[in-house]
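What would the 3D arrangement of this be:
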Amino acid sequence: MTTLRRLSVWFIETCCEAVLLMLLVIILSGRSEQRTVVEDLSLAFFGTAIVFMVGSGYLLTTAIGRVFLNSHNPWVYPPIAAILFIVHEQFLFSGWKLPEGSHVQTQAFGASIVFVCTFVGGSLLRRWVPSTDSKGSVR
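As a prediction, the model looks like this:
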(Lines give C-alpha, C1' and ligand atoms only; values in the text may rest on other atoms or scores of the structure.)
Protein backbone atom coordinates (compact mmCIF):
# COMPACT_ATOMS: atom_id res chain seq x y z
CA MET A 1 0.00 0.00 0.00
CA THR A 2 2.85 2.41 0.73
CA THR A 3 4.27 1.83 -2.77
CA LEU A 4 0.93 2.90 -4.26
CA ARG A 5 0.90 5.97 -2.03
CA ARG A 6 4.46 6.83 -3.00
CA LEU A 7 3.55 6.51 -6.68
CA SER A 8 0.49 8.72 -6.14
CA VAL A 9 2.60 11.43 -4.51
CA TRP A 10 5.17 11.11 -7.29
CA PHE A 11 2.41 11.54 -9.89
CA ILE A 12 1.10 14.68 -8.17
CA GLU A 13 4.65 16.07 -7.89
CA THR A 14 5.31 15.36 -11.55
CA CYS A 15 2.08 17.05 -12.68
CA CYS A 16 2.93 20.15 -10.64
CA GLU A 17 6.48 20.14 -11.99
CA ALA A 18 5.23 19.83 -15.58
CA VAL A 19 2.86 22.79 -15.24
CA LEU A 20 5.46 25.00 -13.56
CA LEU A 21 8.21 23.98 -15.99
CA MET A 22 5.85 24.76 -18.91
CA LEU A 23 5.34 28.25 -17.49
CA LEU A 24 9.11 28.59 -17.07
CA VAL A 25 9.67 27.62 -20.71
CA ILE A 26 7.10 30.17 -21.86
CA ILE A 27 8.57 32.93 -19.69
CA LEU A 28 12.20 32.27 -20.64
CA SER A 29 11.48 31.84 -24.36
CA GLY A 30 9.58 35.10 -24.55
CA ARG A 31 6.18 35.78 -25.99
CA SER A 32 6.00 35.93 -29.78
CA GLU A 33 3.47 38.10 -31.58
CA GLN A 34 3.30 35.51 -34.35
CA ARG A 35 2.00 32.69 -32.12
CA THR A 36 -1.22 32.45 -30.17
CA VAL A 37 -1.35 31.59 -26.48
CA VAL A 38 -2.66 28.12 -27.38
CA GLU A 39 0.30 27.54 -29.70
CA ASP A 40 2.71 28.70 -26.98
CA LEU A 41 1.10 26.35 -24.45
CA SER A 42 1.09 23.41 -26.84
CA LEU A 43 4.76 23.96 -27.72
CA ALA A 44 5.68 24.29 -24.05
CA PHE A 45 3.69 21.14 -23.19
CA PHE A 46 5.31 19.17 -26.00
CA GLY A 47 8.78 20.38 -25.08
CA THR A 48 8.37 19.84 -21.34
CA ALA A 49 6.20 16.78 -20.93
CA ILE A 50 7.03 14.77 -24.03
CA VAL A 51 10.56 15.71 -25.08
CA PHE A 52 12.13 16.37 -21.68
CA MET A 53 10.23 14.30 -19.13
CA VAL A 54 9.65 11.22 -21.28
CA GLY A 55 12.44 11.55 -23.84
CA SER A 56 15.27 12.06 -21.38
CA GLY A 57 14.18 9.35 -18.94
CA TYR A 58 13.51 11.88 -16.18
CA LEU A 59 10.11 10.34 -15.36
CA LEU A 60 11.58 6.88 -14.93
CA THR A 61 14.47 7.91 -12.69
CA THR A 62 12.34 10.13 -10.45
CA ALA A 63 9.67 7.43 -10.14
CA ILE A 64 12.29 4.91 -9.09
CA GLY A 65 13.77 7.42 -6.65
CA ARG A 66 10.42 8.31 -5.05
CA VAL A 67 9.19 4.73 -4.73
CA PHE A 68 12.38 3.08 -3.51
CA LEU A 69 14.02 5.86 -1.50
CA ASN A 70 12.52 5.26 1.92
CA SER A 71 14.02 8.06 3.99
CA HIS A 72 12.18 9.84 6.77
CA ASN A 73 14.54 12.79 6.46
CA PRO A 74 12.72 15.49 4.43
CA TRP A 75 15.99 16.81 2.98
CA VAL A 76 17.13 13.62 1.22
CA TYR A 77 14.93 13.20 -1.88
CA PRO A 78 14.44 16.87 -3.01
CA PRO A 79 18.16 17.51 -3.73
CA ILE A 80 18.41 14.15 -5.46
CA ALA A 81 15.44 15.03 -7.69
CA ALA A 82 16.89 18.48 -8.43
CA ILE A 83 20.23 16.92 -9.41
CA LEU A 84 18.38 14.41 -11.61
CA PHE A 85 16.63 17.34 -13.30
CA ILE A 86 19.92 19.11 -14.00
CA VAL A 87 21.63 15.95 -15.26
CA HIS A 88 18.77 14.95 -17.57
CA GLU A 89 18.31 18.49 -18.87
CA GLN A 90 22.04 18.92 -19.45
CA PHE A 91 22.52 15.72 -21.41
CA LEU A 92 19.27 16.04 -23.40
CA PHE A 93 19.93 19.57 -24.60
CA SER A 94 23.71 20.08 -24.43
CA GLY A 95 25.46 16.75 -24.12
CA TRP A 96 28.89 16.98 -22.54
CA LYS A 97 29.38 20.70 -23.25
CA LEU A 98 29.36 23.17 -20.38
CA PRO A 99 26.09 25.09 -20.06
CA GLU A 100 26.03 28.76 -20.95
CA GLY A 101 23.89 31.84 -20.22
CA SER A 102 20.19 31.11 -20.49
CA HIS A 103 20.81 27.37 -20.21
CA VAL A 104 22.20 27.84 -16.69
CA GLN A 105 19.19 30.01 -15.89
CA THR A 106 16.83 27.25 -17.07
CA GLN A 107 18.68 24.68 -14.99
CA ALA A 108 18.66 26.85 -11.86
CA PHE A 109 14.97 27.77 -12.04
CA GLY A 110 13.98 24.25 -13.11
CA ALA A 111 15.94 22.64 -10.27
CA SER A 112 14.30 25.07 -7.83
CA ILE A 113 10.84 24.12 -9.11
CA VAL A 114 11.67 20.42 -8.78
CA PHE A 115 13.11 20.91 -5.28
CA VAL A 116 10.01 22.76 -4.02
CA CYS A 117 7.55 20.30 -5.60
CA THR A 118 9.35 17.26 -4.19
CA PHE A 119 9.78 18.85 -0.76
CA VAL A 120 6.03 19.60 -0.55
CA GLY A 121 5.27 16.12 -1.91
CA GLY A 122 7.55 14.56 0.69
CA SER A 123 5.78 16.39 3.51
CA LEU A 124 2.43 15.16 2.13
CA LEU A 125 3.83 11.62 1.96
CA ARG A 126 5.10 11.73 5.56
CA ARG A 127 1.60 12.67 6.74
CA TRP A 128 -0.02 9.99 4.60
CA VAL A 129 2.33 7.04 5.22
CA PRO A 130 2.75 6.01 8.87
CA SER A 131 6.36 6.04 9.99
CA THR A 132 7.92 3.08 11.76
CA ASP A 133 10.66 2.90 14.35
CA SER A 134 13.73 0.63 14.19
CA LYS A 135 11.72 -2.35 15.54
CA GLY A 136 9.09 -2.08 12.80
CA SER A 137 6.25 -0.79 14.98
CA VAL A 138 4.18 2.18 13.87
CA ARG A 139 4.80 5.41 15.76
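
measure F46 to P78 for me?
Distance, F46 to P78, by Cβ to Cβ, to the nearest Å: 27 Å. To be clear about C-beta, it is placed using only N, CA and C from the backbone, and glycine gets the same treatment.

With neighbour numbers in mind, choose between these two.
Taking other Cβ atoms under 10 Å, F46 and P78 do not tie; P78 has more neighbours (20 against 12).

Surely the more buried one touches S112?
No - P78 is beyond contact range of S112, at 10.3 Å (criterion: Cβ atoms under 8 Å).

where do the contact lists of the two overlap?
By Cβ atoms under 8 Å, 6 or more residues apart in numbering, P78 and S112 have no common neighbours.

can you give me the helices in the chain?
Here the chain has its helices, by DSSP state H, at 2-29, 37-45, 58-68, 77-93, 102-128.

tell me the centre residue of the protein?
Residue closest to the average C-alpha location in the chain (Cα atoms, centre = their mean): V114, at 4.2 Å.

list the contacts for the nearest residue to that residue once chain neighbours are set aside?
Spatially, and ignoring its direct neighbours in sequence, V114 is nearest to F85 (4.5 Å; Cβ to Cβ, 6 or more residues apart in numbering). Counting by Cβ under 8 Å, 6+ apart, F85 touches Y58, Q107, G110, A111, V114.

just checking, L84 touches L60?
No - contact between L84 and L60 fails when scored by Cβ under 8 Å: they sit 10.2 Å apart.

Tell me which of those two has more neighbours.
Neighbour totals were compared for L84 and L60, and L84 leads with 20 against 12 (other Cβ under 10 Å).

need the contact list for that one.
L84 neighbours (Cβ under 8 Å, 6+ apart): Y58, T61, T62, G65, V114.

can we see that at 7 Å?
Counting by Cβ atoms under 7 Å, 6 or more residues apart in numbering, L84 touches Y58, T61, T62, G65.
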